[in-house]
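Enquirer: Kindly generate the corresponding structure for this input.
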Amino acid sequence: METPHHFNFPRLIMLIFVSFFVLPVLSNFTSFLFGDSLVDAGNNDYLFTLSKANLPPYGIDFKPSGGLPTGRFTNGRTISDIVGQALGGKSFQPPYLSPNTEPFDAITTGINYASGSAGILDETGFLFIGRVPLREQVNSFQQTRTYLVKMMGEPGAREFLKKTIFSLTIGSNDVLNYVQPTIPFLGQDKVSPTTFQDFLISNLTVQLKRLYELGGRKFIVAGVGPLGCIPFVRALNLLPTGKCSTEVNELIQGYNAKLKLVLNRLNREMGPEAIFIYANSYDIFMRMIINYHRYGFDDASEPCCGGYFPPFVCFLGRNTNATSVLCNDRSKYVFWDAYHPTEAANVIIAKELLDGDKTKSSPINIRQLYNYNP
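Expert: Down below sits the predicted model:
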């Protein structure tokens, strides 16, 4: 029996694949993550870089790895990990650069492109040598999208991507690079704070629009947290316990205000088929630092690991003399090391962003975004 000339076997196979393998996972939580060490899940482990979290005691409370390091810059889960689990994620988004990451992971869980020490600007973090700036992270997603189109076809890929959450947590390293003393033989005169803020916003907006053009429709964009209160900045400015750098925090508040305005504008221009959420991590974290006892913490100033003074290195050696300071109860500290929060702090932040009111996430919270149909 002859096959009708218009019968397309490759198309039939694709339809069967989509029906039996792709459509069932569309109901699962999938997300594409972009950012820095706050959400890096191990990409920097595969780079030649000074910015790594691949040694103990990093990951000591990360149950899936049995307490071994995974490249996360904290003792346990990141905020993105916690949010994903709360929304039904069966596993965490694997790091894009890992040789164990399969293309099909983009469909079943999503992919993590975040890189420690990376920034919105390409040059941010250059002293750490290897890192993947935001622009290159978006380039990597573009490669992932090519795979999705091959697997699903252009219409299928578009339908898949419009239901997927795109999360961006970046900008902290740009600010830290700006506020640190200039290295005489490397640096140039700094631009004004206003010019710097505008430059960051302009570059971030370009990448958000790229992601929109590539199919993103549901976005979470985190503001920068109160870096003036992290142990590194406080030590840099010789600030006593309980004091934060007003100058640094004011710079960040100005940036966050401009970021929120831009996201509001993008919502007006691209909504309702696209939505951009502003995650107000600054106010959530600041409230936690000020009222740390109410949240169950004993310390909101010093890091659990690595000490309060340079070089701020957190590591576990073979003997006591070769090991950095490590606190007894990690759940009682806001800061894990000189830069990053503990898992206990991340849990609080994640819960606020998931289910909080418009002062935490606007115009809707993350759980509402998950159920939003563009």
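Enquirer: in the chain, which helix or strand is least confident?
Expert: helix 9-17 (a mean of 48; mean pLDDT, DSSP states H and E).
Enquirer: what separates residue 90 from residue 67, distance-wise?
Expert: Separation of residue 90 from residue 67 (C-beta to C-beta, to the nearest Å): 21 Å. Backbone N, C-alpha and C define where each C-beta goes, glycine included.
Enquirer: for residue 255, same thing?
Expert: In terms of C-beta to C-beta, residue 255 sits 36 Å off from residue 67.
Enquirer: So which of these two has more stuff around it?
Expert: The neighbour comparison of residue 255 against residue 67 (other C-beta atoms under 10 Å) goes to residue 255, with 24 against 14.
Enquirer: Give me the local confidence score for that one.
Expert: pLDDT, residue 255: 98.
Enquirer: State the phi and psi torsions of it.
Expert: Note on residue 255: backbone dihedrals following degrees, to the nearest 10 are phi -60, psi -50.
Enquirer: Then residue 35?
Expert: phi 160, psi -150.
Enquirer: Need the pLDDT of it.
Expert: So, for residue 35, pLDDT stands at 98.
Enquirer: check contacts around it.
Expert: Residues counted as contacts of residue 35 (C-beta atoms under 8 Å, 6 or more residues apart in numbering) are 114, 115, 118, 134, 137, 167, 168, 169, 170, 222.
Enquirer: If we use 6 Å, what do you get?
Expert: 114, 169, 170 (C-beta atoms under 6 Å, 6 or more residues apart in numbering).
Enquirer: Could you report the neighbour count for the second one?
Expert: Looking back up the chat, that one is residue 169. 25.
Enquirer: what about it, distance to residue 292?
Expert: 22 Å.
Enquirer: ok, residue 288 touching residue 295?
Expert: Yes. Counting by C-beta atoms under 6 Å, residue 288 touches residue 295, with 5.5 Å between them.
Enquirer: Please say which of those two ends up with more neighbours.
Expert: A direct count of neighbours by other C-beta under 10 Å for residue 288 and residue 295 places residue 288 higher, at 20 against 15.
Enquirer: State the distance from the more buried one to residue 296.
Expert: For residue 288 relative to residue 296 (C-beta to C-beta), the value is 10 Å.
Enquirer: Please apply the same query to residue 193.
Expert: 35 Å.
Enquirer: of those two, who's got more company?
Expert: Of the pair residue 193 and residue 296, residue 193 is the one with more neighbours under other C-beta under 10 Å, namely 15 against 10.
Enquirer: OK, contacts around the more buried one?
Expert: Per C-beta under 6 Å, 6+ apart, neighbours of residue 193: residue 251.
Enquirer: go on, residue 216?
Expert: Neighbours of residue 216 in contact, by C-beta under 6 Å, 6+ apart: residue 166.
Enquirer: One more: residue 233?
Expert: Contacts of residue 233 by C-beta under 6 Å, 6+ apart are 227, 245, 248.
Enquirer: what about the strands in the stretch 1-150 of the chain?
Expert: Under the criterion DSSP state E, counting those that start in this stretch, strands of the stretch 1-150 of the chain are mapped to 31-35.
Enquirer: So, low pLDDT: which residues of it?
Expert: Filtered on pLDDT under 70, the stretch 1-150 of the chain yields the residue ranges 1-27.
Enquirer: For it, which segments count as helices?
Expert: 9-17, 79-86, 105-108, 134-161 (DSSP state H, counting those that start in this stretch).
Enquirer: between these, which gets nearest to residue 33?
Expert: Smallest distance to residue 33 across those (C-beta to C-beta): 5.4 Å, for helix 79-86.
Enquirer: which helices and strands sit right next to the closest one?
Expert: helix 343-355 (3 or more C-beta pairs under 6 Å, 6 or more residues apart in numbering; DSSP states H and E).
Enquirer: If we use 10 Å, what do you get?
Expert: Helix 79-86 is packed against strand 31-35, strand 165-169, strand 218-222, helix 343-355, helix 366-370, with contacts defined by 3 or more C-beta pairs under 10 Å, 6 or more residues apart in numbering; DSSP states H and E.
Enquirer: would you list these in CSV and tack on distance to residue 332?
Expert: Listed next are these as CSV, based on distance: least, C-beta to C-beta, whole Å:
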stretch, distance to residue 332
strand 31-35, 27
strand 165-169, 25
strand 218-222, 25
helix 343-355, 8
helix 366-370, 27
